[in-house]
Structure formats: structure tokens, C-alpha cells
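# would you be able to build a 3D model of this:
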Amino acid sequence: MESSDCKRLPARTARRAGVPRETGRNNGLRKRTERDGGSIAKKEAKKIRGIYEKVPGSEVWWIRYSDATSRIRREKAGLKQTASTLYRKRKTEVLLSKKLPESRKRVMSFEELSKDALTYSKAHKQDYRHDGYRTFRLRTSWQR
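As a prediction, this is how the structure comes out:
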């Protein structure tokens, strides 16, 4: 068969006729490997969510996650494997609602706060009467 005839034929028929294929991904060339004398670039590791290296190349890994109260937390973990394990542990604790922040101080009412402010004002200021007038007006408007 002539080459002009093969160009008109479908690719499968052209291969059967013994005509070399000119199209393809790499045109019949294979990639060079280390055995062939070529060099292979260092494969970059897949990024894992919540694990990062604060200073690239330092080999000190950190984790970043949000706790049960949706607050962003960061922790230094050390090695990458340790960081991966710690991240998974923290995320399961979040799901189980463990490691909650310490209980906060009791809630203080505005009335108590204003009384404390007035006693401080009397003890530390010479003219505290203005503070008394202001806190009285604030208390009355706050109670509405």
C-alpha cells in the first residue's frame, strides 16, 4: 500500500497495513528513567489538610484545626507523621466534644459591674461624683 492511501484510511486500518503511527501521546518515545541515565525530580509530597510546615524546609510541622467552639487552634507537632497523628486525634476530640476550653468565669450582670466600678472610683479618685451620675443614668437606660 502506498503512504498516500494510508492517510485516507482510518488509523486502525493504517496500523494493520504496517504504516507507522505518527500521532499519540509521546510519539512512541518513552520517558527517561534513572536507569537510562536521566534524572527524576524529587516527587513533592501530597499536601494534607490542617498540617503545614511553618518554615519551609525546617522539618518542624504544625497542625491547625478548629475546636468544638469553632475557634482556630494551632499546635506544634514536630515530625510530619506525628503531626498527622495529632491532627486526626484532635479532630476526633472535636467530634466527641472533648478538650473544650476551660470553664469561663461566671457571668456578671451590669448592675454588679457598675457597683464595682463605683467602689473603685470612690477609692481611687478625688472627684467620683460624676461617675455616680453617669452610672445611674446607664443603669436606668440599661434596665429598659
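
# what sits against Gly142?
Wrong residue type there; residue 142 is Trp, not Gly. Neighbouring residues of Trp142 by Cβ atoms under 8 Å, 6 or more residues apart in numbering: Phe110. Every C-beta, even on glycine, is put in place using the N, C-alpha and C of the backbone.

# which phi and psi does it have?
Backbone dihedrals for Trp142, given as degrees, to the nearest 10, come out at phi -70, psi -30.

# do the same with Ala77
When quoted as degrees, to the nearest 10, the phi and psi of Ala77 stand at phi -110, psi -30.

# thinking it is in contact with Trp61, fair?
Yes: Ala77 is within contact range of Trp61, at 5.2 Å (criterion: Cβ atoms under 8 Å).

# those two: which is more packed in?
The residue with the greater number of neighbours, taking Ala77 and Trp61 and applying other Cβ atoms under 10 Å, is Trp61; the counts read 22 against 19.

# ok, back up a step: joint contacts of Ala77 and Trp61?
Taking Cβ under 8 Å, 6+ apart as the criterion, Ala77 and Trp61 both touch Ile51, Ala83.

# wait, isn't Pro121 in contact with Asp131?
Quick fix: residue 121 reads Ser, not Pro. Yes: Ser121 is within contact range of Asp131, at 4.3 Å (criterion: Cβ under 8 Å).

# ok, Tyr128 to Tyr65 distance?
As defined by Cβ to Cβ, to the nearest Å, Tyr128 lies at a distance of 48 Å from Tyr65.

# mind showing which ranges of the chain have poor pLDDT?
The model of the chain has pLDDT under 70 over residues 1-44, 98-105, 144.

# mind redoing it with 50?
Counting by pLDDT under 50, the chain has low-confidence residues at 5-6.

# okay, domains of it per the record?
Using automatic domain parsing, the domain parsing of the chain gives 51-95, 110-142.

# great, nothing more from me.
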